[in-house]
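J.: build me a model from this:
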Amino acid sequence: MIMSKKNYLLKPDEPLLRKCLKHIQSLPNLEVKLNQTQDLLDSSSVDGLLTIRSSIKSADYAYTIQPDVTANTVKLVIRYFKLLKEKFKNKLILITRYLSDTTIEQLLNENIEFIDSLGNIYIDSSAAYIFVRGKHRLNVKPLSHKQITPISFKIIYSLLKNPEILTLPLQELADNTGTTLSSITNTLENLYKLGYIMRQPRGGYRIANYIKLFERWEIGYVETLRPKLLIETFTYTKENKFSEFAENIINLASANNILIGGELGAALTTSYLLPQSATLHVTGNHHLIAAKLQLKPDAKGAITFLTQFGKQNYGASIQGACVADPLLIHAELMTESDDRLEETAELIFTKYIKDKYQNA
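T.: Predicted coordinates for the structure are as follows:
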């Protein structure tokens, strides 16, 4: 799921990284050195390499920066971290803005080493063992939350779906996302400041690092955008197997502007998964659709209705049904911790998303 990427060197004076490493430097008999070895970075999805030295020994780390790790996204961050760890031989450490006590506990349970900008630290290496917690911040939203809004994620989605859109007039991006030119301009400027896109010599932008933007999209989708799109969750009234019920969804989808996502969309897209649930992206009266499918509201139901946004949620027509874009299906699969869904998400990434980032 996290694949190799084009070179993306974070500058040594990158503010978040600098704040985090300053806490290590302040400890006695410890030194941190950034290592920008080109070959290693070109073959990985890490943000950089560093070495921690003590009077005893030194330890090499790859680091990955996830600015905002919250209670809503920590499980997804852990999954990305584990996938990245499997692909990289060095020890791996998480650099982030702030970790609450709850998120620290979850990271410790997974033995994930970390440094946050307030000085919460967990390092377990040959150079040193460090564990510092209890550093709390004021109850204010982090910078990236102020700058990246639900509208921003709709724009990010459009960039990931079609990276070439940045070469077109900005009105094209505004039309595709259903937002204003001023929102487009502000979002692109914020994404530039946060390092997700870069300016072009002759004007305009291009994606700086597709994978980092892709990860930010999925974390933001789970935490910020999806709750805004969520309409209601249902279950079916009859005691049918889901496979029988799925046929009803497929038959109804095309005539009612329904885009099938989630597990059912993944199954249609890959022919690999035996689905147990579905996400339906709708535009019209969802109560009418629920009635046709003989559904009833259920907070723990297997059928989730989401509102379509913009003009680009459509992915393909399979078996006569309209299927949601692989970016949406992949993000939905990543909301659950399940090996069968992870394997399916990997297939979707390789088949539908990999080419986009390689050519971005």
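J.: contacts for stretch 282-294?
T.: With contact meaning C-beta atoms under 8 Å, 6 or more residues apart in numbering, stretch 282-294 is reached by 231-232, 234, 236-238, 245, 248-249, 252, 256-259, 280, 296, 303, 305-308. Bear in mind the C-beta positions are built from the backbone N, C-alpha and C, glycine included.
J.: can I get stretch 173-183 in PDB? Just the C-alpha atoms.
T.: C-alpha atoms of stretch 173-183 as PDB (Å, rounded to 0.1, in the frame of the first residue of the first chain):
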ATOM      1  CA  LEU A 173     -10.400  22.300 -10.400                       C
ATOM      2  CA  ALA A 174     -13.200  24.600  -9.000                       C
ATOM      3  CA  ASP A 175     -15.800  23.000 -11.300                       C
ATOM      4  CA  ASN A 176     -14.700  19.500 -10.500                       C
ATOM      5  CA  THR A 177     -14.800  20.000  -6.700                       C
ATOM      6  CA  GLY A 178     -17.900  22.200  -6.600                       C
ATOM      7  CA  THR A 179     -16.200  25.000  -4.800                       C
ATOM      8  CA  THR A 180     -15.100  28.500  -5.400                       C
ATOM      9  CA  LEU A 181     -11.900  29.900  -7.000                       C
ATOM     10  CA  SER A 182     -10.900  31.600  -3.800                       C
ATOM     11  CA  SER A 183     -11.200  28.300  -1.900                       C
END
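J.: contacts for it, please.
T.: With C-beta under 8 Å, 6+ apart, stretch 173-183 has contacts from 151, 154-155, 157-159, 162, 165-166, 170-171, 184, 309-312.
J.: neighbours of Asp124, how many?
T.: Other residues within reach of Asp124, judged by other C-beta atoms under 10 Å, total 12.
J.: partners of the closest residue to it other than its chain neighbours in the sheet?
T.: Leaving aside its sequence neighbours, Asp124 sits nearest to Glu113 (C-beta to C-beta, 6 or more residues apart in numbering; 6.2 Å). Beta-bridge pairing for Glu113 (DSSP bridges): Ile93.
J.: I'd say Glu113 and Ala128 touch.
T.: No. Counting by C-beta atoms under 8 Å, Glu113 stays clear of Ala128, with 11.2 Å between them.
J.: list the buried residues in stretch 224-234.
T.: Buried residues in stretch 224-234, counted by 16 or more other C-beta atoms under 10 Å: Thr224, Leu225, Arg226, Leu229, Glu232, Thr233, Phe234.
J.: on that earlier part again, need the buried ones from the contacts of stretch 282-294 selected in ChimeraX.
T.: Selection of buried members from these for ChimeraX, criterion 16+ other C-beta under 10 Å:
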select :232,234,236,245,248,249,252,256,258,259,280,303,305,306,308
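J.: so which of the contacts of stretch 282-294 belong to helices?
T.: Among those, DSSP state H puts Phe245, Asn248, Ile249, Leu252 in helices.
J.: and which of these is nearest Glu31?
T.: Ranked by distance to Glu31 (C-beta to C-beta), the ones in helices among the contacts of stretch 282-294 are led by Ile249 at 58.9 Å.
J.: wait, the closest one sits on Leu259?
T.: No. The criterion here is C-beta under 8 Å, and Ile249 misses it with Leu259 at 11.0 Å.
J.: overlap in contacts, those two.
T.: Common contact partners of Ile249 and Leu259 (C-beta under 8 Å, 6+ apart): Leu280.
J.: TSV please, covering the ones in helices among the contacts of stretch 282-294 and showing pLDDT.
T.: Putting the ones in helices among the contacts of stretch 282-294 into TSV (pLDDT from 0 to 100) gives the following:
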residue	pLDDT
Phe245	85
Asn248	88
Ile249	91
Leu252	87
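J.: now distance to Leu34 too, for those, in CSV please.
T.: Shown next, in CSV, are those (distance: C-beta to C-beta, whole Å):
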residue, distance to Leu34
Phe245, 54
Asn248, 56
Ile249, 51
Leu252, 55
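J.: out of those, which two sit at the greatest distance?
T.: The farthest-apart pair in these, when distances are taken by C-beta to C-beta, is Phe245 and Leu252, at 10.9 Å.
J.: partners of the helix or strand harbouring Tyr122 in the sheet?
T.: Following DSSP states H and E, one finds Tyr122 within strand 121-124. Partner strands for strand 121-124, per DSSP bridges, with pairing direction: strand 113-116 (antiparallel), strand 129-132 (antiparallel).
J.: quick one: distance of the first one to the chain centre.
T.: Which is strand 113-116. Relative to the centre of its chain, strand 113-116 is centred 19 Å away, using C-alpha atoms, centre = their mean, to the nearest Å.
J.: now that strand: mean pLDDT?
T.: Computed over strand 113-116, the mean pLDDT rounds to 96.
J.: return the alpha-carbon coordinates of that strand using PDB.
T.: Output in PDB follows, covering the C-alpha atoms of strand 113-116 (Å, rounded to 0.1, in the frame of the first residue of the first chain):
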ATOM      1  CA  GLU A 113       8.900   4.700  18.700                       C
ATOM      2  CA  PHE A 114       8.000   8.400  18.600                       C
ATOM      3  CA  ILE A 115       8.900  12.000  19.300                       C
ATOM      4  CA  ASP A 116       6.400  14.800  19.500                       C
END
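J.: tell me how far the spatially most central residue of the chain lies from Leu280.
T.: By C-alpha atoms, centre = their mean, the mean C-alpha position of the chain lies nearest to Glu218, the distance being 2.4 Å. From Glu218 over to Leu280 the distance is 20 Å, taken as C-beta to C-beta, to the nearest Å.
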